[in-house]
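A.B. asks: Everything below, folded, please.
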Amino acid sequence: MVGPMRPQFVLFGSSIVEFSCCNEGWGAILADIYARKADILLRGYAGWTSRHALGVLDQVFPLDAALQPSLVIVYFGGNDSILPHPSGFGSHVPLPEYIENMRKIATHLKNLSEKTRIIFLSAPPVNKEKIREIYSDTLAELRTIESCRIYSEACLALCREINVKGIDLWTALQKKDGWATDCLTDGIHLSAEGSKIVVEEIMNVLREADWEPSLHWKSMPTEFEQVFSIPQLSADFNTAISIFESSFRRHSQWE
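C.D. replies: Have a look, this model is predicted:
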């Protein structure tokens with residue numbers, strides 16, 4: 001373990017989380033935004049459902065840990081919503097069980113600490129034709145945008161019931177023209193453009209939440225004093241200025 005100890009933001013979920021630090025993903029963007037402010041920790045497991053998540057809650061989030069996360073962003077639902085396979089095998093989790101699993105996850109996370117905040121991400125839409133092209137006809141028939149909608153709405157309804165912040169990815173992605181190709185890489189997983197939308201939605205929640213202390217990046221202290229040493233007589237002075245200005249512009253879009 002290294003110090004100083006920073007607030008921890010944990011991303012917990014399936015492949016949407018595991019892959020969030022590649023392809024200019026939303027996990028990588030959050031790590032950039034919160035540099036020197038919070039540690040972004042990935043606990044992502046491709047192929048998992050809410051059923052799998054329940055089996056490891058105590059290991060990933062031990063109740064007796066000395067340091068508890070300040071924020072947990074949870075994503076399960078895309079795999080749960082896959083339609084039942086005729087063989088009886090597959091990832092499908094019946095809707096009532098999915099709802100109860102997510103309720104149990106929320107209850108466990110709330111018991112970590114009075115200061116642990118929670119955000120649930122709902123299932124995003126899928127692009128059936130892209131799934132068919134890259135994977136198979138079978139998978140394309142089992143992953144449907146309508147099933148994603150049903151599980152997304154169930155997740156958001158649960159969030160309202162138990163007072164957990166919820167983000168409607170099913171709707172947010174579809175607001176963008178050309179979302180089916182621009183926001184998804186393979187019809188299922190997020191592209192760089194899709195990840196930007198996820199971060200925008202997360203920033204909106206963090207900006208508007210009446211949490212104390214605030215977890216929006218502009219409200220959090222920066223670790224250690226910032227020192228910019230620029231050799232003004234250097235031939236590379238303009239280049240150095242350009243680099244710093246680019247960094248500030250990159251972060252300002254998330255204000």
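A.B. asks: isn't there a strand covering residue 173?
C.D. replies: No - read with DSSP: H, G, I helix; E, B strand; the rest coil, residue 173 is helix and lies in no strand.
A.B. asks: so who does it touch?
C.D. replies: Applying C-beta atoms under 8 Å, 6 or more residues apart in numbering, we find residue 173 in contact with 124-125, 179, 183-184, 194, 197. Heads up, the C-betas are built off the backbone N, CA and C, glycines and all.
A.B. asks: now it: how far from residue 146?
C.D. replies: Going from residue 173 to residue 146 by C-beta to C-beta, to the nearest Å gives 15 Å.
A.B. asks: How about residue 106?
C.D. replies: Noted for residue 106: a distance of 25 Å to residue 146, by C-beta to C-beta.
A.B. asks: Of those two, which one has the most company?
C.D. replies: Counted by other C-beta atoms under 10 Å, residue 106 and residue 146 do not tie: residue 106 has more neighbours, with 20 against 10.
A.B. asks: quick one: contacts for the more buried one?
C.D. replies: With contacts defined as C-beta under 8 Å, 6+ apart, residue 106 is in contact with 74, 118, 120, 158, 162, 164.
A.B. asks: One more pass at 7 Å, please.
C.D. replies: By C-beta atoms under 7 Å, 6 or more residues apart in numbering, residue 106 lies in contact with 118, 162, 164.
A.B. asks: now residue 47
C.D. replies: By C-beta under 7 Å, 6+ apart, the contact list for residue 47 reads 14-15, 79, 91.
A.B. asks: low pLDDT regions in the stretch 51-200 of the chain?
C.D. replies: The stretch 51-200 of the chain contains residues with pLDDT under 70 at 89.
A.B. asks: All the strands of the stretch 1-150 of the chain, residue numbers only.
C.D. replies: In the stretch 1-150 of the chain, the strands defined using DSSP state E, counting those that start in this stretch lie at 8-13, 39-44, 71-75, 117-121.
A.B. asks: Could you list the paired strands of the third one along with their orientation?
C.D. replies: For strand 71-75, sheet partners with direction are given as strand 8-13 (parallel), strand 117-121 (parallel), following DSSP bridges.
A.B. asks: closest to residue 189 out of those strands?
C.D. replies: For those, proximity to residue 189 was assessed by C-beta to C-beta; strand 8-13 is nearest, at 12.1 Å.
A.B. asks: Can you give me the buried ones in stretch 61-69?
C.D. replies: Residues of stretch 61-69 classed as buried by neighbour count (16 or more other C-beta atoms under 10 Å): 61, 68-69.
A.B. asks: Show me which of these is closest to residue 54.
C.D. replies: In terms of C-beta to C-beta, no member of the buried residues of stretch 61-69 lies closer to residue 54 than residue 61, at 11.5 Å.
A.B. asks: residue contacts, the closest one?
C.D. replies: Applying C-beta under 7 Å, 6+ apart to residue 61 gives the contacts 108-109, 112.
A.B. asks: Could I get the buried residue list for stretch 24-31?
C.D. replies: By neighbour count on 16+ other C-beta under 10 Å, the buried set for stretch 24-31 is 24-31.
A.B. asks: picking that back up, considering the buried residues of stretch 61-69, which is situated nearest to residue 42?
C.D. replies: residue 69 (12.3 Å).
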